[in-house]
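*Asks:* Sequence plus the predicted model coming up.
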Amino acid sequence: MKKVLIVINFDEGLYNFRKELLEALLKAGYEVHIAVPDGEYIGRLKKMGCKFHPTPLRRRGTNPIQELSLIRRYNRILCKVRPDVVLTYTIKPNIYMGLLCGGKRIPYITTITGLGTAVEGKGPLQRLTVTLYKAALRRAAVVFFQNQANEHIFRKRGIAPGRHKMLPGSGVNLEHFVYQQFPEGSSPCFLFISRIMKEKGIEEYLDAAQEIRKRHPDTRFRILGFLEEDYTGKERFERLQREGVIEFMGSVEDVIPYIRDSQCTIHPSWYPEGMSNVCLESAACGRAVITTDRPGCRETIRDHKSGFLIREQDSGDLICKVEQFLALSPKERKELGIQGRRYMEKQFDRKIVVEKYLCAVREIVIGKQGGNNK
C-alpha cells in the first residue's frame, strides 16, 4: 500500500479544509499519515483512518532549540513512515519538510496557503525566509498556490520555477455549505469570523460597528473566533461588548447557523491570506461579503455583484460600504448572496481542489512505479 504523509501546523485546519482530500486518498487505497500538533480534531482524523504522528509546533516561535527539535522530529517521522509522497502546508512544514525530503529524494508537494509577514514584509527575516524557501522547494514535484499574487512573488524570486500550479484556495464543500434562506424581515446582522487579531481587520470592524450603530441602532454586529494572546485591543473589545455594540460568540465549531442569521459577512483582513475560507464559506451559504481589495480576499467576490471590496486598514471605506449595503432593498441584498453562491459553484468547488491533488499524487506514484520497473 502506497503511503502519503501530510504535514501541517494545525489539526483544525486539516480537518475543516482538507477532510475531503483525506477521504479521497483513503478511498483510493493510500495509507494516510498526518504529522500535526495534537488537538481536539485528532480523534476524528484517526477515526477516519489517518495514522497520527504528534509534532508539537509553535507557529510563530523562533527559538532555535525548539525549531531544531521540530526538524529532528520530522526526520524521525520520515524514517519511520517511509512515505511515497509528502504533502506540506504552511511555512514551517513547507520549509523544514522540503529540506528533509529534498535531501532524502522523497517526492513532495508543497502548498502555499499564504506568505505571511515573514515573506511579504521587509528586512532580515524576509530575506532569510526567501532563501530557505528557495532551498526547500528546489526539488518539489509541485508547488500549489492559492492566488496569483503569491505565485508571482515566487516566480519573480526564481523559487521552484516550472513547477507552479494554481488552486482555487482550499475550495469550499458546496454540499455542506449549502444555500441558506435569506433572513428577510429581521434586523440587519453583520458577521465577523476570524481569529481576533489586528491583521484580520478586527479594529476596522469595531470602528464600523460603533459608527453604524449610531446611525442605524437596529443593526447587529456579531463576532466569531478566539482572542489571540498578543491582541492589544482587548480592553476596547470588552468595553464594546459590555455596551452591546458587538456580540461576541467566541469560537464555535459550526458557523453555519450564524451565517444563516446574518445578512452579510465582513472580512476586512490585511493579513497575507492564501485564500479566505471565511469569504468562500459565507458566499457558498448565499451571503454578501464585504472584504479587502488584496490577494486572497479580492478573488472570493465579484465587486458590487456578490459583495463589496474595501481598501486595506480603512475604517472609513468599510463604513461607506456597509452603508451601501444597508441602502439596498432586502431583495437586492438577497441577490448579492445568490450571485455569490453561483460564483462559488462555478469557481471554488472543493472537488476541483481534491482532484488536482489526486492527479499530482497519482503522477508521482505512477512515475515511481515506472522507475522501479526499469
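*Replies:* Good, I have the coordinates.
*Asks:* how about low-confidence regions in the chain?
*Replies:* 59-61, 116-121, 368-374 (pLDDT under 70).
*Asks:* Need phi/psi at the nearest residue to A24 once chain neighbours are set aside.
*Replies:* Take A24 and drop its neighbours on the chain: the residue closest to it by C-beta to C-beta, 6 or more residues apart in numbering is V354, 5.1 Å away. To be clear about C-beta, it is placed using only N, CA and C from the backbone, and glycine gets the same treatment. Per-residue torsions, V354: phi -60, psi -40 (degrees, to the nearest 10).
*Asks:* how close does V354 sit to F348?
*Replies:* For V354, the distance to F348 equals 12 Å [C-beta to C-beta, to the nearest Å].
*Asks:* cool, H53 as well?
*Replies:* 31 Å.
*Asks:* re the thing from before, please enumerate the shared neighbours of V354 and F348.
*Replies:* Common contacts of V354 and F348 (C-beta atoms under 8 Å, 6 or more residues apart in numbering): G171.
*Asks:* Comparing the two, which residue is more hemmed in?
*Replies:* F348 (24 against 20; other C-beta atoms under 10 Å).
*Asks:* residues in contact with the residue nearest to the more buried one when sequence neighbours are not counted?
*Replies:* Using C-beta to C-beta, 6+ apart and skipping residues adjacent in sequence, the residue nearest F348 is P168, 4.7 Å away. Applying C-beta under 8 Å, 6+ apart, one finds that P168 lies in contact with 146, 275, 347-349, 352-353.
*Asks:* Of these, just say which sits nearest to V245.
*Replies:* M275 (30.3 Å; C-beta to C-beta).
*Asks:* Please tell me how far the closest one sits from L240.
*Replies:* Distance from M275 to L240, by C-beta to C-beta: 30 Å.
*Asks:* Which one of those two is surrounded by more residues?
*Replies:* More crowded of M275 and L240, by other C-beta under 10 Å: M275, with 24 against 20.
*Asks:* Am I right that that one is in contact with F145?
*Replies:* No: under the criterion of C-beta atoms under 8 Å, M275 makes no contact with F145, lying 9.5 Å away.
*Asks:* what residues do these two have in common as contacts?
*Replies:* Contacts common to M275 and F145, judged by C-beta under 8 Å, 6+ apart, are L167.
*Asks:* From Q146, how far off is the residue lying closest to N147 once chain neighbours are set aside?
*Replies:* Closest residue in space to N147, ignoring its immediate chain neighbours: P295 at 4.6 Å, by C-beta to C-beta, 6+ apart. To Q146, P295 is 9 Å away according to C-beta to C-beta.
*Asks:* more neighbours, those two?
*Replies:* Legend: neighbour count by other C-beta under 10 Å for P295 and Q146, higher for Q146 (25 against 22).
*Asks:* residue contacts, that one?
*Replies:* 111-114, 166-170, 274-275, 296.
*Asks:* cool, L309 as well?
*Replies:* 290-293, 297-298, 301, 303, 321.
*Asks:* Format these as JSON lines; extra columns: distance to I193 and secondary structure.
*Replies:* Listed next are the contacts of L309 as JSON lines, based on distance: C-beta to C-beta, whole Å; DSSP: H, G, I helix; E, B strand; the rest coil:
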{"residue": "I290", "distance to I193": "13", "secondary structure": "strand"}
{"residue": "T291", "distance to I193": "12", "secondary structure": "strand"}
{"residue": "T292", "distance to I193": "14", "secondary structure": "strand"}
{"residue": "D293", "distance to I193": "19", "secondary structure": "coil"}
{"residue": "C297", "distance to I193": "13", "secondary structure": "coil"}
{"residue": "R298", "distance to I193": "18", "secondary structure": "helix"}
{"residue": "I301", "distance to I193": "15", "secondary structure": "coil"}
{"residue": "D303", "distance to I193": "20", "secondary structure": "strand"}
{"residue": "K321", "distance to I193": "18", "secondary structure": "helix"}
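*Asks:* Thanks a lot, see you next time.
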